[in-house]
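In: Got a sequence here, can you build the structure:
(chains A and B)
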Amino acid sequence: DGGITQSPKYLFRKEGQNVTLSCEQNLNHDAMYWYRQDPGQGLRLIYYSQIVNDFQKGDIAEGYSVSREKKESFPLTVTSAQKNPTAFYLCASNLPGTSVRFFGPGTRLTVL
Amino acid sequence: ILNVEQSPQSLHVQEGDSTNFTCSFPSSNFYALHWYRWETAKSPEALFVMTLNGDEKKKGRISATLNTKEGYSYLYIKGSQPEDSATYLCAFIKNYGGATNKLIFGTGTLLAVQP
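Out: As a prediction, this is how the structure comes out:
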């Protein structure tokens, strides 16, 4: 079955540590996105990539980094520079020729 | 700053009730509006993509309307069932005159349908 997988589902990190969230898709979609959800707020765009080896900052990129070495994979690193990293993170891809997002199941990151 | 607002924040209804909720968005430079359904422990899934003023879309018991001139969209659920329980998100796309693929999400309406 085609889809987006995110791992792990729950992640705990000590303050000051970097952590990488995985996002893999087998949909052959070019564009991929990372969103963050906080209570009482809409999904906010962190980074996106339209094509392999290229990515752009979204609205809240500070303290995050990404790479896009393969079409299938778009990992997100939450660095120690991110002031408030505890949140729910969603990865998405784009249905080709549309603006419709296809989402993964998400990773809940908690900083202890 | 683009504001996309959804109301109510949450809604509790009985099975069989019909319900509706609202998404408000800027009325200028409209490109498209999406509705997504997000069930607990699952991924958000696209319900509707609406692009034209006066659009009406329907999928089973769920339908949506669009008014781009006044900047709102309604989502209706007829005869709510427990399986309709989810958070319903809307997302607005502004026409920037070039590539328009940036979604601005509302905070969602959480619907709970009691059997």
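In: you'd agree residue A:50 is up against residue A:68?
Out: No: counting by C-beta atoms under 8 Å, residue A:68 is not a contact partner of residue A:50; they are 9.1 Å apart. (Glycine included, C-beta is placed from N, CA and C.)
In: quick one, which of these two is more surrounded?
Out: residue A:68 (19 against 15; other C-beta atoms under 10 Å in any protein chain shown).
In: ok, the closest residue to the more buried one other than its chain neighbours - contacts?
Out: Nearest-residue entry for residue A:68: residue A:49, 4.2 Å, with adjacent residues in sequence omitted and distances by C-beta to C-beta, 6 or more residues apart in numbering or on different chains. Neighbouring residues of residue A:49 by C-beta atoms under 8 Å, 6 or more residues apart in numbering or on different chains: A:31, A:32, A:33, A:55, A:56, A:66, A:68, A:74.
In: So which bits of stretch B:51-66 are buried?
Out: B:55, B:57, B:62, B:63, B:64, B:65, B:66 (16 or more other C-beta atoms under 10 Å in any protein chain shown).
In: a markdown table for these, including distance to chain A?
Out: Formatted as a markdown table, the buried residues of stretch B:51-66 follow (distance: C-beta to the nearest C-beta, whole Å):
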| residue | distance to chain A |
| --- | --- |
| B:55 | 15 |
| B:57 | 13 |
| B:62 | 16 |
| B:63 | 18 |
| B:64 | 14 |
| B:65 | 19 |
| B:66 | 15 |
